[in-house]
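Undergrad: Got a predicted model here, sequence first, then my questions.
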Amino acid sequence: MAEAGRGAVADRGALVAALYAEHGAALYRYALMILANAGDAEDVVHQVFATVVSDGRHVPTRPWEYLRTAVRNAVYSLLRHRRVVRDAGIFILQPASADCSPAERLALEQALGELAPEQREIVHLHVYEGLTFKEAAAATGESINTVAARYRYALEKLRKVLG
């Protein structure tokens, strides 16, 4: 009986390792985009995967959506409880295009840092993950009008900051 229990733990550990290998980097970028702080983003992703390891429930049928929602909830919980002041540090993002110079990339990353966390989240979901506004609304639990407005306001601010 003890052997079966250890096998289940080993299987769960292997499953979590596979999920981390597949989704860990994308979840980190998602958390980083909202938090604008690398250490906090790492902590949130670690917390989510530690919870998945210790959670005895069955594996979700759609692990990406489950993990992204868990990271989102942990991020906003951190923002609420710690009242994190946005860090003006550098983001780790993919450039908009291969033609993007380092100076342009830095300017874009700094401009993204000027956005509210909710706006950065929508920009990330729409631009970097390719979600439609309807899909982003479902992922965030917001109305499609709220998502579209956050995106519009984000673009307006980016235009002002980037000139």
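TA: Here it is on my side, so go on. Keep in mind that what you see is a predicted model, and the values were worked out from it rather than measured.
Undergrad: From what I see, Pro60 and Thr69 are in contact.
TA: No. With contact defined as C-beta atoms under 8 Å, Pro60 does not count as touching Thr69 (9.6 Å). All C-beta spots, glycine's among them, are computed from the backbone N, C-alpha and C.
Undergrad: What residues of stretch 118-137 count as buried?
TA: 118-127, 131, 133, 136-137 (16 or more other C-beta atoms under 10 Å).
Undergrad: Among those, pick out the one closest to Val161, please.
TA: Of all the buried residues of stretch 118-137, Val161 sits closest to Gln119, with 12.1 Å by C-beta to C-beta.
Undergrad: quick one: contacts for that closest one?
TA: Each residue near Gln119 by C-beta atoms under 8 Å, 6 or more residues apart in numbering is listed here: 150-151, 153-154, 157.
Undergrad: per-domain residue ranges of this structure.
TA: Following the assignment in automatic domain parsing, the chain carries domains at 1-87, 92-163.
Undergrad: Comparing those, which yields the minimum mean pLDDT?
TA: Between the domains of the chain, the one with the least mean pLDDT is domain 1-87; it has a mean of 79.
Undergrad: what about burial for the contacts of Gln119, which qualify?
TA: Using 16+ other C-beta under 10 Å as the burial test, these include 150-151, 154, 157 as buried.
Undergrad: now the contacts of Gln119 in TSV, with distance to Arg12?
TA: What follows is the contacts of Gln119, written out as TSV (distance: C-beta to C-beta, whole Å):
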residue	distance to Arg12
Arg150	37
Tyr151	38
Tyr153	42
Ala154	39
Lys157	43
